[in-house]
Structures are given as C-alpha cells and as structure tokens.
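**Q** Test case, fold it:
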Amino acid sequence: MNDRELDRLIARANPYGDDTVRQLPTGGAESDLLEDILTTTEPATRLHPGRRRRLTIGVAAAVSIAAAVAVVGAVLPKDSPVAPFVAPQSAYAAEVRAIAEANERILINDPAWKITVVDEFTKDRGEMKFANGDETFQITWYPAKDYKLIHKDRVDASSKHEPAQVLGQQGTFFLAKGSTSDFSVLLPPKGAPFVELRTYAGTQEAFQALLTKLKQVDVETWLNAMPETVVRPEKVRAAVDEMLTEVTVPKGFKTAPLYKATVIERYQLGARVTGAASCAWLDQWTAARKSGDKAKAAEAVTAMQGSKSWKILKEMDAAGDYPESIWNYADEIAGKKAPESKSGIPADGYQDGLGCR
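**A** So this is what the prediction gives:
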C-alpha cells in the first residue's frame, strides 16, 4: 500500500455526518439544535506520531488495521496558559455539558503537559492529545459496545499485556508488538464510553509515572481546558461562513450540513467545509465526463484548480495532508498528473479519499 492509498483509507471519516444519537427533554428550537449537536459522527482527524495529520477512519476499521489510536479527554490544571472555553449560557450549553457528563473527563495534573489536539467529540467517541516537548499522550473514548472487540485487538497486537491500576480502576496495560515505546492502558466501560490511554515515546516507567498524574474533574474544569484551536459550537456558523468566503462552490451547493454545531477543532471544520465543496465539484466533473458535458467538466476543473488558493487549505497544509489530497484530485482531473488509482481513471475513489457522502 502506498502513501496515497493509506491517505485515502485514513481520510474515510466523514467530517459532516448526519445521524442523530439521542433526544433530550427540550422543546421547540432547542430540540432541533440538540439533534445537530449530539450526533454519532465519528472524529474526523487523528494525530499520529509524525508531524503531519491525516483524517481518521472509524473505530471498527481502525481495529482491523491495528492498535493505532488512543485515549479520552484530559485537561490542564487551573494555572494552565491555555485560553479557557467558557460554555455559553444558551440553548446548546446544556447539550455540550451532556457530552462532557457522559465521559470520565480525565486531565493531566501537570502544567508541563498541554492539550494540542481535540477531535470533534460526541457522547461516546472522541480523542484528545497532549504534548510535553517531544513527548505525547493521547486519550480516546469509544462506545461501551466496542470494548471486547478493541480489547481483543490490543491483546493480539501486543507483545506484553498485564493488569494495571489507573484512577482506581482495574485496566489492562499493553506494549505493542515490534515497539519498545508504544504503551497503552485500556480501562473497561464505566458508563457509556470506555477509555484508552496511550503514548508513543519514553519508557514504561515514565508512562506509568504519568498515569499517576491523571485526575478526574468536573464538567466546568474539563470544558474550560479546551485549547484555542477548538471552535466552540456557537462559533461554528461564523467560522464556516468565513471559510466559504474564498471557497468556490457549485450552483445548488447546500451549506446547512456544514453548520452542525459540535465541539470541533478548526482543522476538522476546515476539512468539513473544503471536503464538501471538493466532493460537489468532483461529483459534477464525474457526471459531466459521463454525459459529455464539456462546459460542466471544464467548470469543475477550473474550480478545483482554484482550490490551491483557498485560504483555509493553505492554513491546514501547515498541519496536515488533507489539502494535498484535494490538490492531487484537482491535478488529476486537469490532466496535470497521472491518476494514482489502479483503474487509471482521474480522481477515481475520491468519495473515500475525501470522505464524501
């Protein structure tokens, strides 16, 4: 498998899903907003040990690949320099709190460790990453129903596993096969989701020492620790509109799905917006190619070439690979580069590569 194919697999996660997980006892407009916030949309991005980011696939597929993901929400102590996220006193504040209340809200009680990444999270899925210099630590939470499957996968993918006590709970410690520094602890379900804690560097002793610094906190402390890169639910619409000012979209393009109010990192929101626009243009190009509509095909080619000037993609390119996937498809349909798919068809597989629906 080459890097492009791997990128396509990892990018399958859809940044703008539309499934609803629950209904809460609210009425009128609040119930509609609630449906948007509490969704089963899986996190769209993960940060791997390297510098570059890729969008991630869902839990079931990730398990089949190997023990590649990690861990649940954590937060910085009160003296952290990270700007606080103050939950708004509005219709969706209660829903955001409901997500936090459903999780264990684990923090690292050490100011040297700072939150660097927060994936879009829901009531039973999410991921956060911390860094202390070159050291990294991840916290991921998954639905309780997936515990046995993921535990078995971790056992199969480990060279060592043994009981471990973390936060007063009996979990399982793992050392990944072929590694001397890929350590993780899986904690059994405690309520709706369960937690995995993971690091990719250091020693087992250092990992175990870090685990002793973990603490569970209240909802306010957890929410207040969100970094500045996180777009708060009440800011999503404005952020989307700002991104769309330089993103060309085809006639009839629907913006409503982009406004889904979730706690989401700006990179993920950018992928949601640019992915939707690119998918729409590639859909038009594909249909025009089949029907022989040269004008529509040319319009799509011009728009996709223009994506190289989209401000949000330039911003994202400093942190991840998603923009390059869009630009590769743009060059393929323009005939500027040979198709990388086995079929030899330009942009073949873009639906999976960009997470289109």
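
**Q** helix/strand/coil for residue 142?
**A** Secondary structure state of residue 142, per DSSP: H, G, I helix; E, B strand; the rest coil, is strand.

**Q** Specify the beta-bridge partners of it.
**A** residue 194 (DSSP bridges).

**Q** next one: residue 172
**A** With DSSP bridges as the rule, residue 172 is bridged to residue 163, residue 186.

**Q** Surely it and residue 160 touch.
**A** No - between residue 172 and residue 160 there is no contact under C-beta atoms under 8 Å: 10.6 Å. Heads up, the C-betas are built off the backbone N, CA and C, glycines and all.

**Q** More neighbours: the two, which one.
**A** More neighbours surround residue 172 than the other of residue 172 and residue 160, with 19 against 11 (other C-beta atoms under 10 Å).

**Q** all helices for the stretch 101-250 of the chain, in order.
**A** Here the stretch 101-250 of the chain has its helices, by DSSP state H, counting those that start in this stretch, at 147-156, 204-211, 219-224, 236-244.

**Q** oh sorry, the question was meant for the stretch 251-357 of the chain
**A** Under DSSP H, counting those that start in this stretch, the stretch 251-357 of the chain gives helices at 266-291, 294-306, 311-317, 322-333, 350-354.

**Q** counting contacts, what elements does the second one pack onto?
**A** It stands for helix 294-306. If you count contacts as 3 or more C-beta pairs under 8 Å, 6 or more residues apart in numbering; DSSP states H and E, helix 294-306 packs onto helix 266-291, helix 322-333.

**Q** With the third one instead?
**A** Applying 3+ C-beta pairs under 8 Å, 6+ apart, one finds that helix 311-317 contacts helix 266-291, helix 322-333.

**Q** again, but for the first one
**A** In this structure, helix 266-291 makes packing contacts with strand 45-47, strand 230-231, helix 236-244, helix 294-306, helix 311-317, helix 322-333, helix 350-354, judged by 3+ C-beta pairs under 8 Å, 6+ apart.

**Q** Just the C-alpha atoms of the last one, please, in PDB.
**A** Pointing back at helix 350-354 there. Output in PDB follows, covering the C-alpha atoms of helix 350-354 (Å, rounded to 0.1, in the frame of the first residue of the first chain):
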ATOM      1  CA  TYR A 350     -12.400  10.400  -4.300                       C
ATOM      2  CA  GLN A 351     -15.500   9.600  -2.400                       C
ATOM      3  CA  ASP A 352     -13.500   7.500   0.000                       C
ATOM      4  CA  GLY A 353     -10.400   9.700  -0.200                       C
ATOM      5  CA  LEU A 354     -12.200  12.800   0.900                       C
END
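
**Q** List the buried residues in it.
**A** By 16 or more other C-beta atoms under 10 Å, the buried positions in helix 350-354 come out as 350, 351, 353, 354.

**Q** so which of those comes closest to residue 277?
**A** Lowest distance from residue 277 to the buried residues of helix 350-354 (C-beta to C-beta) belongs to residue 354, with 10.0 Å.

**Q** quick one: contacts for that closest one?
**A** By C-beta atoms under 8 Å, 6 or more residues apart in numbering, residue 354 lies in contact with 11, 275, 278, 279, 282, 325, 326, 329.

**Q** If you tally nearby residues, what's the number for residue 198?
**A** 25.

**Q** Actually, residue 326.
**A** For residue 326, using other C-beta under 10 Å, the count is 27.

**Q** For the residue lying closest to it once chain neighbours are set aside, give its distance to residue 251.
**A** Nearest residue to residue 326, sequence neighbours excluded (C-beta to C-beta, 6 or more residues apart in numbering): residue 278, at 4.9 Å. Distance of residue 278 to residue 251, computed by C-beta to C-beta, to the nearest Å: 16 Å.

**Q** Format the helices and strands packed on helix 311-317 as CSV; extra columns: distance to residue 177 and mean pLDDT.
**A** Formatted as CSV, the helices and strands packed on helix 311-317 follow (distance: least, C-beta to C-beta, whole Å; pLDDT from 0 to 100):
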stretch, distance to residue 177, mean pLDDT
helix 266-291, 31, 96
helix 322-333, 30, 97
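
**Q** mind checking which of the ones you listed is nearest residue 306?
**A** Nearest to residue 306 among these is helix 322-333 (8.4 Å), distances taken as C-beta to C-beta.

**Q** Which other helices and strands does the closest one contact?
**A** Using 3+ C-beta pairs under 8 Å, 6+ apart: helix 322-333 touches helix 3-10, strand 53-55, helix 266-291, helix 294-306, helix 311-317, helix 350-354.

**Q** With that, I have no additional questions.
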